[in-house]
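Asker: sharing a sequence plus its predicted fold:
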Amino acid sequence: MNSSSVSSSNSLLFFSKSFFELTKARLAISVVFSSVVGYLLAVDSFDLYTLVLLSVGGYCMVGASNSFNQIIEKDIDSLMDRTKNRPIPSKKMSVNTAFYISIILTLIGIVVLYKINPRTALFGAISIFIYTCLYTPLKTITPLSVFVGAFPGAIPFMLGWVAATNNFGIEPGTLFMIQFFWQFPHFWALGWMLHDDYQKAGINMLPTKKRDKSTALQIVLYSLWTIIISVFPVTGLTGDLRLSVWSAVIVLILGLVMLFYSVNLYNKMNVAAAKQLFTVSILYLTLLQITYLIDKMYLWT
């Protein structure tokens, strides 16, 4: 292999790494997973072509949102330890390149999701708009940005159902609410962990702008709301989205574990407790979605 081939290979590898950092690949993949689970909950037999479209379109939409976010926050990112090595503030990628990537991903995402059905594309476009044009600018203005950001953050789980049915009703609405309420203990735990770093950039993610009892209490309360909406389908009041008693018990136990760590944060008021809650919240959502899926596959009667 000659030197030019080696150089081209290294350049491609470097660009690929920067691309995945810009689009936050791990986050995007977790979002795609939520969408796929939502789709599988809505169908009796899945269509591989639709699943591929949903996965590709979903990644593009999330990647575009993250890319636009990093363009807007390039100066802020350079001030924080956790973000200063991102592609734009570290000069690994220019703003123009990131902008072109954002536009291309947006267009591909909308077109691909539109091939599934118009409603799926519409919700995907709404997600990008809220995340980029509302949530991102509000982060330096008010802690209510977390509330605004919870809307696009809750769309992926319901998006899969809409992709399968081309309809928005009680079922995708319930999936939306599960992920909507879950985001508050999840992101406030993150905000608690990174509060000092956020302060360097003038960002307040905590509802009271402080690591205080009031913030910790709200984390506990939203954990309770998350548990309630997560087991609600067992009542049979959520249309075709059903949950057996056995699976509801499992989801309840998962919720009580998250509640335990929320109360633990309230009692200890330290970063270590926030880290534990943050990790548990991720496991909670993943295991909840897997439980719902297994329940649909094997336990519905």
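Answerer: Cool, the structure landed.
Asker: ramachandran coordinates for residue 283?
Answerer: Comment: the main-chain dihedrals of residue 283 come out as phi -60, psi -40, following degrees, to the nearest 10.
Asker: burial count for it?
Answerer: Counted with other Cβ atoms under 10 Å, residues neighbouring residue 283 total 12. To be clear about C-beta, it is placed using only N, CA and C from the backbone, and glycine gets the same treatment.
Asker: now for the chain, the helix or strand with the poorest mean pLDDT.
Answerer: When the helices and strands of the chain are compared on mean pLDDT, DSSP states H and E, helix 3-22 comes out lowest with a mean of 69.
Asker: check which helices and strands the helix or strand just after that helix sits against.
Answerer: Where DSSP states H and E defines the elements, the next helix or strand beyond helix 3-22 is helix 25-42. Identification of packing neighbours for helix 25-42 by 3 or more Cβ pairs under 8 Å, 6 or more residues apart in numbering; DSSP states H and E yields helix 48-72, helix 145-165, helix 170-193, helix 271-294.
Asker: buried residues in the longest one?
Answerer: Residues of helix 48-72 classed as buried under the neighbour-count rule (16 or more other Cβ atoms under 10 Å) are 50-51, 53-71.
Asker: now it: mean pLDDT?
Answerer: Model confidence over helix 48-72 averages 94 on the pLDDT scale.
Asker: what's the answer for stretch 181-189, then?
Answerer: The average of the pLDDT scores along stretch 181-189 is 96.
Asker: okay, domains of the protein per the record?
Answerer: 18-168, 169-301 (automatic domain parsing).
Asker: now the end-to-end length of the longest one.
Answerer: To tie it back to what came earlier, the one meant is domain 18-168. For domain 18-168, the separation between the terminal residues is 36 Å (Cα to Cα, to the nearest Å).
Asker: for that domain, the distance to its chain's centre please.
Answerer: When distances are taken as Cα atoms, centre = their mean, to the nearest Å, domain 18-168 is centred 8 Å away from the chain's centroid.
Asker: how about low-confidence regions in this structure?
Answerer: For the chain, the stretches flagged by pLDDT under 70 are 1-12, 14, 299-301.
Asker: how close does the residue nearest the centre of it sit to residue 199?
Answerer: Among the residues of the chain, the one closest to the centroid is residue 153, at 4.7 Å (Cα atoms, centre = their mean). Per Cβ to Cβ, to the nearest Å, residue 153 is found 23 Å from residue 199.
Asker: residue 71 now?
Answerer: Between residue 71 and residue 199 the computed distance is 23 Å (Cβ to Cβ).
Asker: please apply the same query to residue 139.
Answerer: Using Cβ to Cβ, residue 139 is found at 13 Å from residue 199.
Asker: and the two? which has more neighbours close in?
Answerer: Using other Cβ under 10 Å, the more surrounded residue of residue 139 and residue 199 is residue 139, with 22 against 13.
Asker: my guess is that one contacts residue 202. True?
Answerer: No. Taking contact to mean Cβ atoms under 8 Å, the distance of 9.0 Å between residue 139 and residue 202 leaves them out of contact.
Asker: you'd agree residue 296 is up against residue 41?
Answerer: Yes. With the criterion set as Cβ under 8 Å, residue 296 and residue 41 qualify as a contacting pair; they are 5.4 Å apart.
Asker: the more surrounded of these two?
Answerer: Neighbour tally, residue 296 and residue 41, criterion other Cβ under 10 Å: the higher count belongs to residue 41, 24 against 21.
Asker: for the more buried one, what are its contacts?
Answerer: Contacts were defined as Cβ atoms under 8 Å, 6 or more residues apart in numbering; by that measure residue 41 touches 160-161, 171, 175, 241, 292-293, 296.
Asker: which one of the residues you listed sits in the busiest neighbourhood?
Answerer: Compared across those, residue 175 has the highest neighbour count, 30 neighbours, by other Cβ under 10 Å.
Asker: right, and residue 156 touches residue 34 too?
Answerer: Yes. Applying Cβ under 8 Å as the test, residue 156 and residue 34 come out as touching, 4.2 Å apart.
Asker: shared neighbours, these two?
Answerer: Both residue 156 and residue 34 are in contact with residue 179, where contact means Cβ under 8 Å, 6+ apart.
Asker: which one's more surrounded, these two?
Answerer: The residue with more neighbours, out of residue 156 and residue 34, is residue 156; 28 against 24, by other Cβ under 10 Å.
Asker: would you mind measuring from that one to residue 230?
Answerer: Taking Cβ to Cβ as the criterion, residue 156 is separated from residue 230 by 16 Å.
Asker: got phi/psi on residue 80?
Answerer: Main-chain torsions, residue 80, degrees, to the nearest 10: phi -110, psi 140.
Asker: leaving out the residues flanking it, which one is nearest to it?
Answerer: Counting by Cβ to Cβ, 6 or more residues apart in numbering, residue 197 is the residue found nearest to residue 80 once chain neighbours are left out, at 4.8 Å.
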